[in-house]
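sequence first, then the predicted structure, then my questions.
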Amino acid sequence: MHNAAFDHLGLNWRYLAFDVHPDNLRGALRGICDLNFVGVNLTVPHKLLAFKMVDSTDKEAQLLGAVNTVVVEDHKLTGFNTDGYGFKRAVREEFGMELRGRRVLILGAGGAGRALAVQCAVEGAAAIFIVNRTHSKAVSAVAEIRKLVPHTFAVAMPMELKHIAKHLNEVDLVVNATSLGLRPGDPPPLARFPRQCKWLRVYDTIYRPAETRFLAAARKAGAQTANGLSMLLHQGARSFEIWTGRRAPVAVMRRALHKAVYG
Ligand code: ATR
């Protein structure tokens, strides 16, 4: 999507992928300075490590303690985080919905789940329910959110239907931020939705397959559903704008991304 955007704007730039072992991250980041890179994206497992290695960070990266975008300038590295922005934009685009004032149930309290929960809190969500297999991680995510955005209503819940079911009738948005659904045999993180739940929006951060078992169950129950491709697109578009200072050609990037992912 980035190369399509560079071509579209006539920029003689290239976006390349490098597989870097975590032990070599520091060297790789110094290397991009020496090689005159404009910047890089970082993904799992580098986002937390990179936060400690860059020279400065923006507000979003500080909130999440994680960096997914780096800019190189005068041999100095600045870290940004565009994941929360990507999520906010995706929810707006897919469901015509702002997070402000909404009640959100997030499945997963790993890196992705925490990032989404923090974004919901920053945006002023009315309630945030965090569900995780390892309950202690949901509890610490809630504590962290309350520290970052005091007065946020946030609750940690175990990943059991009896705990989740009673909240499903009163939330606006359910998000899967677990890795369940990435592999073909995975059970869905949540398989049962209220019947005729037309009010419910259900988002899966997974985008391959295009419809996970989780999204299929939600759709059959009547919910509006969307997958994580829009979040991937918008975090990328924001990174593009940070690097280039130009408005991202989102439609061009969307087409290229769709083609790359689904053929
Ligand atoms: P990411 O950065 O993508 O969020 P992660 O930090 O490894 O990756 O988090 C993976 C998430 O998927 C966690 O919420 C994890 O639950 P645990 O914290 O209990 O590990 C969740 N997850 C992974 N496999 C799971 C499974 N089989 N059942 C339930 N949750 C699972």
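That came through fine. This is a predicted model, so every value here is computed, not measured. Numbering: from 1, shown residues only.

which SSE is immediately downstream of the helix or strand harbouring residue 4?
Here residue 4 sits within helix 2-9, counting by DSSP states H and E. Proceeding N to C from helix 2-9, the next assigned helix or strand is helix 25-34, under DSSP H and E.

that following helix: which residues count as buried?
By 16 or more other CB atoms under 10 Å, the buried positions in helix 25-34 come out as 25, 28, 29, 32. The C-beta positions use only the backbone N, C-alpha and C, and glycine is treated the same way.

now do stretch 124-138
125, 127, 128, 129, 130, 131, 132, 133, 135, 137, 138.

and that stretch, average pLDDT?
Average pLDDT, stretch 124-138: 97.

what of stretch 218-236?
Mean pLDDT, stretch 218-236: 98.

I figured residue 202 was touching residue 193, is that so?
Yes: using CB atoms under 8 Å, residue 202 is in contact with residue 193, at 7.5 Å.

which residues touch residue 68?
Taking CB atoms under 8 Å, 6 or more residues apart in numbering, we find residue 68 in contact with 41, 42, 43, 47, 80, 81, 82, 83, 235, 239.

closest point of this structure to the ligand, which residue?
In the chain, the residue that lies nearest the ligand is residue 110 (2.0 Å; CB to the nearest ligand atom).

right, and that residue touches residue 189 too?
No: checked against CB under 8 Å, the pair residue 110 and residue 189 is beyond contact range at 11.8 Å.

now the helices for the stretch 1-150 of the chain?
For the stretch 1-150 of the chain, the helices defined by DSSP state H, counting those that start in this stretch occupy 2-9, 25-34, 46-53, 59-64, 83-95, 111-123, 135-148.

would you list the ones you listed in TSV and tack on distance to residue 210?
Below are those laid out as TSV (distance: least, CB to CB, whole Å):
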stretch	distance to residue 210
helix 2-9	20
helix 25-34	32
helix 46-53	25
helix 59-64	27
helix 83-95	13
helix 111-123	18
helix 135-148	28
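
out of those, which one sits most buried?
helix 111-123 (a mean of 24; mean count of other CB atoms under 10 Å).

for residue 256, give its distance to residue 159.
36 Å (CB to CB, to the nearest Å).

residues in contact with residue 230?
Counting by CB under 8 Å, 6+ apart, residue 230 has contacts 89, 90, 93, 94.

could you rerun that using 7 Å?
Contacts for residue 230 were tallied using CB atoms under 7 Å, 6 or more residues apart in numbering; they are 90, 93, 94.

with adjacent residues omitted, what lies nearest to the second one?
To tie it back to what came earlier, the one meant is residue 93. The spatial neighbour of residue 93 that comes closest, neighbours along the chain excluded (CB to CB, 6 or more residues apart in numbering), is residue 230 at 5.6 Å.

what residues does stretch 120-138 touch?
63, 88, 99-109, 113, 117, 141-142, 145, 148-149, 152-159, 164, 167, 171.

just stretch 75-92 next, same as before
29, 33, 50-51, 54-58, 60-61, 64, 66-71, 97-99, 115-116, 118-119, 123, 173, 203, 230-231, 234-235, 238-239, 242.

one more: stretch 42-60?
Outside stretch 42-60, the residues that reach it (CB under 7 Å, 6+ apart) are 22, 25-26, 29, 61, 65-68, 70, 76-81, 84, 111.

touching the ligand at all, that stretch?
Yes: Stretch 42-60 reaches the ligand (CB under 6 Å from any ligand atom) through residue 44.

span of that stretch from start to end?
Using CA to CA, to the nearest Å, the end-to-end distance of stretch 42-60 comes out at 15 Å.

so for it, mean pLDDT?
95.

out of the helices of the stretch 1-150 of the chain, which comes closest to residue 207?
Closest approach to residue 207 among the helices of the stretch 1-150 of the chain (CB to CB): helix 83-95, 10.4 Å.
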